[in-house]
Every structure is written in structure tokens, then in C-alpha cells.
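In: the sequence and its predicted three-dimensional model are supplied below.
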Amino acid sequence: LSTLLVLAAITDKLADWATGVVGDLGLAGIFVLMTLESMCIPIPSEPTMLFAGFNVDKGTYSFIAVVSVGVAANVLGSWIAYGFGRFGRLELIERHGKWLHITPARLEQADRWFENYGGWAVFFSRMLPIVRTFISLPAGVARMPFGRFTLFTFLGCIPWMAGLTYIGYTVGSNWEQWKGYLHYIDYVVIVLVVAGAVYLFMRWRRSRGGSADAPAA
């Protein structure tokens with residue numbers, strides 16, 4: 001319990017700092033913070049984009065400008081994290097492969113998995129708290145094609161950035177009160193994404209079963 005309280009206190013401090021940066025630097029602050037977040041640095045996107053949405057409500061920025069800056073920054077930060085994973089792959093095996101149980105064979109399996117399913121994994125992960133920050137590293141390690149990685153990262157960032165900005169815009173000056181409920185936003189998003197993934201998986205299984213049962217011509 002004490003650990004959770006400490007983490008909550010740290011999160012609150014980070015949230016206050018992030019909103020201060022946005023207040024001082026505006027769109028440039030949003031860009032810097034969201035780039036750092038996608039570089040696997042624990043900057044909370046929720047208070048940042050909620051506060052940005054509040055500034056949209058005040059008329060300081062346009063909705064499109066805030067979302068565009070947030071998405072562009074997320075993509076840039078993801079490129080950097082992806083690069084660390086891709087170009088640090090050999091060092092990962094040589095220095096840490098033994099105790100992480102990472103072998104060239106397992107990396108080849110990861111390569112094939114990301115080749116087949118990596119696009120959707122990146123897309124859905126970009127809408128999951130915590131996971132969204134780190135998905136770029138394994139994608140880079142698995143050498144997911146850069147263009148495909150960029151496309152699904154871009155598409156996955158849009159709903160997250162737009163959703164948080166819209167909530168901040170909707171609650172307006174009451175956004176401060178919402179800071180205490182940020183974790184509930186995370187829970188709702190996780191439930192929706194997991195439910196969507198389960199639904200798509202069940203549809204895929206049914207389609208596979210239907211094709212298997214179909215009589216041969």
C-alpha cells in the first residue's frame with residue numbers, strides 16, 4: 001500500500017510539472033512532453049492532453065493543432081525508441097541475452113510474429129496506458145518494417161490524443177477536478193481495447209472454423 005501511495009504522489013507531481021510545461025511553452029511544451037513519453041520516459045500523457053484540451057476550450061489553441069502536435073510528437077518519440085530497439089538488438093543478445101533468455105532463435109520467432117501481427121499489436125498498444133509507451137522497443141528489436149510501424153503508430157496515436165483532448169475540452173475549467181480520476185480513464189480504455197481485441201479474435205476463429213467445415217469442391 002505504501003508503495004502505491006508513493007507512486008501516486010510521484011504521478012501527481014509529474015502531472016503538475018507537465019501541466020506547468022504546457023502552460024509556459026504552449027504547443028511546443030506539448031510536443032516536447034509527448035515526444036519524451038514515446039521515448040519510454042514516464043511522462044503522463046493524460047494530464048498533459050487534458051490541460052491542452054482545456055486550453056482549446058479557452059480558445060488558446062485549436063483542437064486540430066493540439067491533436068496534430070500530440071500525434072506528431074508521439075510518432076517522433078516512437079521512431080527514437082524503435083531505433084534503440086532495432087540498432088541495439090545485437091548488444092541486447094550479447095550483453096543481456098543469457099539472463100533474459102533471449103536467443104537468436106527466439107528473436108527470429110519475434111521477427112515472424114511482428115511480421116504477421118505487429119501492425120495490429122502496435123495499433124492497439126498505442127491506446128493502452130503504460131504499454132503504449134514501450135511497444136516501440138520490441139517492434140524495433142523484432143525489426144518490424146519501419147513504414148508499417150510508422151503507419152500503425154500514427155493511426156493508433158490519433159484516437160488517444162483526440163480522446164484526451166476532447167475530454168479536456170468538454171470539462172473545460174473543471175479539468176483540475178478530473179485529475180483525480182485519470183486512472184479511471186485508463187481502466188475504461190483498457191477494458192474497451194481488450195473487449196475489441198477479444199471480439200476480433202472470436203470473429204477470426206469463427207471464420208477459420210467456417211472455412212474448415214466448408215465441403216471441398
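Out: Great, that's in hand.
In: tell me the contacts of residue 74?
Out: 34-35, 37-38, 126, 153, 157, 161 (Cβ atoms under 8 Å, 6 or more residues apart in numbering). For every residue, glycine as well, the C-beta is placed using N, CA and C.
In: tell me what the strand or helix carrying residue 164 is packed against?
Out: Assigned by DSSP states H and E, residue 164 belongs to helix 146-171. For helix 146-171, the elements it packs on are helix 45-58, helix 63-87, helix 104-125, helix 136-141, helix 175-178, helix 182-213, judged by 3 or more Cβ pairs under 8 Å, 6 or more residues apart in numbering; DSSP states H and E.
In: and it with helix 104-125, angle?
Out: 30 degrees (axes from the mean of the first three to the mean of the last three Cα atoms, to 10 degrees).
In: got the buried residues for helix 146-171?
Out: If you call a residue buried by 16 or more other Cβ atoms under 10 Å, then helix 146-171 has these buried ones: 149-150, 152-154, 156-169, 171.
In: between helix 63-87 and that helix, find me the angle.
Out: 140 degrees.
In: mean confidence for helix 146-171?
Out: Per-residue pLDDT over helix 146-171 has a mean of 92.
In: how much space is there between the residue nearest to residue 49 when sequence neighbours are not counted and residue 56?
Out: Leaving aside its chain neighbours, residue 49 sits nearest to residue 164 (3.6 Å; criterion: Cβ to Cβ, 6 or more residues apart in numbering). Going from residue 164 to residue 56 by Cβ to Cβ, to the nearest Å gives 11 Å.
In: any idea how far residue 166 is from residue 159?
Out: 10 Å.
In: what do you get for residue 27?
Out: For residue 27 relative to residue 166 (Cβ to Cβ), the value is 17 Å.
In: ditto for residue 51
Out: 13 Å.
In: so residue 76 touches residue 37, yeah?
Out: No: Residue 76 lies out of contact with residue 37 (Cβ atoms under 8 Å); the separation is 10.9 Å.
In: more neighbours, the two?
Out: The residue with more neighbours, out of residue 76 and residue 37, is residue 37; 22 against 14, by other Cβ atoms under 10 Å.
In: which strand or helix spans the residue lying closest to the more buried one once chain neighbours are set aside?
Out: Spatially, and ignoring its direct neighbours in sequence, residue 37 is nearest to residue 43 (4.2 Å; Cβ to Cβ, 6+ apart). Using DSSP H and E, residue 43 maps to neither a helix nor a strand.
In: ok, residue 43 - contacts?
Out: Residue 43 neighbours (Cβ under 8 Å, 6+ apart): 14, 18, 33-34, 36-37.
In: again, only this time at 7 Å
Out: Residues in contact with residue 43 (Cβ atoms under 7 Å, 6 or more residues apart in numbering) are 14, 18, 33, 36-37.
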